[in-house]
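In: Below are the sequence and a predicted model; questions follow.
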Amino acid sequence: MSVNVVLVAVVGTLFAVGVYLLLERSLTRVVLGLLLISNGVNVLFLIASGGAGQPPIVGSSAPERMSDPLPQALVLTAIVITLGVTAFLLAMAYRSWQLHEHDEVQDDVEDALIRRRAERDEASSSYDDSAGGTLDERGADPAGESTQDSRDGDGAPIGPEGETP
């Protein structure tokens with residue numbers, strides 16, 4: 001079996017451009033990247049299936065000359081799945097346009113905080129193992145603030161003015 005080098009180059013180009021577009025901030029470019037990658041996968045399926053053969057109808061030709069219908073079924077299934085995912089991403093991009101008048105995905109505040117802490121090589125305040133127990137048992141939320149009443153050194157609750165009840 002010989003492979004068509006031009007089709008392999010087309011698959012490589014579709015994948016490369018698709019991955020580049022997926023890494024962009026705009027949801028429209030993400031949709032285009034997804035479409036290019038899915039088309040690259042479909043062409044790859046057809047390349048891997050081999051050359052064209054006779055129709056897979058029993059009695060019309062010899063079994064060794066028939067083409068395999070499985071790659072064609074996989075490509076049709078991939079087309080349907082890509083259509084559904086594309087419709088979902090387009091709906092997200094349209095909703096983002098309605099709300100913010102652009103379709104760019106913003107950085108998450110927590111992601112930025114984690115990135116800054118990683119650059120400084122420090123752990124978050126919620127990762128204190130010396131207190132023992134889990135965050136829920138200690139009553140702390142992920143931001144590190146206590147959700148229960150403050151307590152003094154003996155474990156007695158401290159009121160708003162600092163006195164113990």
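Out: That came in fine, so what should we check first? Residues are numbered from 1 along each chain as shown.

In: The residue most central in space within the chain: what's it in contact with?
Out: For the chain, the residue nearest the mean C-alpha position is residue 22 (9.8 Å; Cα atoms, centre = their mean). Applying Cβ atoms under 8 Å, 6 or more residues apart in numbering, we find residue 22 in contact with 29, 30, 33, 34, 37. Quick note: C-beta positions are derived from backbone N, CA and C, even for glycine.

In: can you give me the helices in the chain?
Out: Assigned by DSSP state H, the helices in the chain fall at 5-22, 27-48, 69-100, 109-120, 135-138.

In: what's the burial count for residue 30?
Out: Residue 30 has 20 neighbours, counted by other Cβ atoms under 10 Å.

In: should've said residue 5
Out: 8.

In: Then residue 110?
Out: Applying other Cβ under 10 Å, I find that residue 110 has 10 neighbouring residues.

In: Also residue 59?
Out: Neighbours around residue 59, by other Cβ under 10 Å: 4.

In: if I look at it, how far off is residue 66?
Out: Separation of residue 59 from residue 66 (Cβ to Cβ, to the nearest Å): 11 Å.

In: if we can go back for a sec, for residue 15, state which of the contacts of residue 22 is nearest.
Out: Nearest to residue 15 among the contacts of residue 22: residue 37, at 6.1 Å, using Cβ to Cβ.

In: surely that closest one meets residue 16?
Out: No. Using Cβ atoms under 8 Å, residue 37 is not in contact with residue 16; the gap is 9.7 Å.

In: In terms of neighbours, single out the busier of these two.
Out: A count of neighbours by other Cβ under 10 Å puts residue 37 above the other of residue 37 and residue 16, at 19 against 13.

In: since we're on the closest residue to that one other than its chain neighbours, how many residues are nearby?
Out: Counting by Cβ to Cβ, 6 or more residues apart in numbering, residue 18 is the residue found nearest to residue 37 once chain neighbours are left out, at 3.6 Å. Residue 18 has 21 neighbouring residues, counting by other Cβ under 10 Å.
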